[in-house]
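>>> sharing a model that was predicted from the sequence below.
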Amino acid sequence: MSATTMQRHEFPDGAALAPAFAQWTANLLQKGVDERGEAVLIVSGGNTPKRYFAALAQRPIDWARVTITLADERCVADDSPRSNARLLRENLLRDHASAARFAPLADSRLSPDQELAAARARIADLPLPADLVVLGMGDDGHTASWFPGADNLAEAIDPGARNLVLPMRAPGALEPRLTLTARVILRARALALHIEGADKLATLARAAAEGPVEAMPIRAALRGASDRLTIFSASS
């Protein structure tokens, strides 16, 4: 990881971070629309991005030319409280951003094999590389569904991965998941890591130290895309 190429924006709390991060994101997406006629945004789930999503949804950019998808998804029903698609519908795909196209990963109506094939087809149909991938990070150092000890981790973190989407099972995951691979995530035009709180800052410090990528998979992004990675962090 190169400290000279990675950008970092620090805020006192998540309330201060959200509007600044939202405007930064909106500027990147509108730039993509202006230059190429369309833009792709890949986001992560969890509780941390809710305020950011709400602020981003209010930015008046040309959302009709933006496609949004997920870095990973739990294989649960679409209306489950653990569904990242539901999180997006309730917090991001509203206000101005309701005009965006959403390309989900999971589809619980399908068998697991059909669900995976459909997700791969939807991601392959996107105008990649993505304009921006927004990553989160767990206290164990996972990002997307790249969990330590996951069954398909080696391929998932490989920038030359054969697949765009992989199924993932891991001791740290409560249910089976689908995740984008490094072939999609690390080739994005820009990446952002969004973390809030002292525990996450401590985890980031550990991840920035020497050690195997497999032990803290966020290192794949920190080391593999540092020239395009911006960290948005809040101390509380």
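Now that the structure is in, tell me what you want to look at.
>>> mind listing what the residue nearest to Gly37 when sequence neighbours are not counted touches?
Spatial nearest neighbour of Gly37, excluding adjacent residues (Cβ to Cβ, 6 or more residues apart in numbering): Arg65 at 6.5 Å. Glycine gets a C-beta too; all of them are placed from N, C-alpha and C. Residues counted as contacts of Arg65 (Cβ atoms under 8 Å, 6 or more residues apart in numbering) are 33, 37-39.
>>> next, work out how far apart Arg65 and Ala221 are.
Separation of Arg65 from Ala221 (Cβ to Cβ, to the nearest Å): 27 Å.
>>> quick one, strands of the chain?
With DSSP state E, the ranges of strands along the chain come out as 7-11, 39-43, 66-70, 72-74, 101-103, 132-135, 165-168, 177-180, 191-196, 229-234.
>>> could you export those strands as TSV, including mean pLDDT, distance to Ala20 and mean neighbour count?
Shown next, in TSV, are the strands of the chain (pLDDT from 0 to 100; distance: least, Cβ to Cβ, whole Å; neighbours: other Cβ atoms under 10 Å):
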stretch	mean pLDDT	distance to Ala20	mean neighbour count
strand 7-11	96	7	14
strand 39-43	98	17	25
strand 66-70	98	20	23
strand 72-74	97	25	25
strand 101-103	98	24	16
strand 132-135	98	14	25
strand 165-168	98	31	24
strand 177-180	98	26	27
strand 191-196	98	11	24
strand 229-234	98	8	21
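>>> Leu29 touches Ala39, doesn't it?
Yes. The criterion here is Cβ atoms under 8 Å, and Leu29 meets it with Ala39 at 4.5 Å.
>>> identify the contacts common to these two.
With Cβ under 8 Å, 6+ apart as the test, Leu29 and Ala39 both reach 66, 131.
>>> Asn163 reaches Glu155, doesn't it?
Yes. Contact between Asn163 and Glu155 holds when scored by Cβ under 8 Å: they sit 6.9 Å apart.
>>> more neighbours: which of these two?
Taking other Cβ atoms under 10 Å, Asn163 and Glu155 do not tie; Asn163 has more neighbours (18 against 15).
>>> what's the nearest residue to that one if we skip its chain neighbours?
Asn163 sits nearest to Thr181 (Cβ to Cβ, 6+ apart), 5.9 Å away.
>>> for that neighbour, give me its contacts.
Thr181 touches 155-158, 161, 163-166, counting by Cβ under 8 Å, 6+ apart.
>>> and those residues as JSON lines, adding distance to Ile231?
Converted to JSON lines, those look like this (distance: Cβ to Cβ, whole Å):
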{"residue": "Glu155", "distance to Ile231": "26"}
{"residue": "Ala156", "distance to Ile231": "21"}
{"residue": "Ile157", "distance to Ile231": "19"}
{"residue": "Asp158", "distance to Ile231": "23"}
{"residue": "Ala161", "distance to Ile231": "24"}
{"residue": "Asn163", "distance to Ile231": "28"}
{"residue": "Leu164", "distance to Ile231": "25"}
{"residue": "Val165", "distance to Ile231": "26"}
{"residue": "Leu166", "distance to Ile231": "25"}
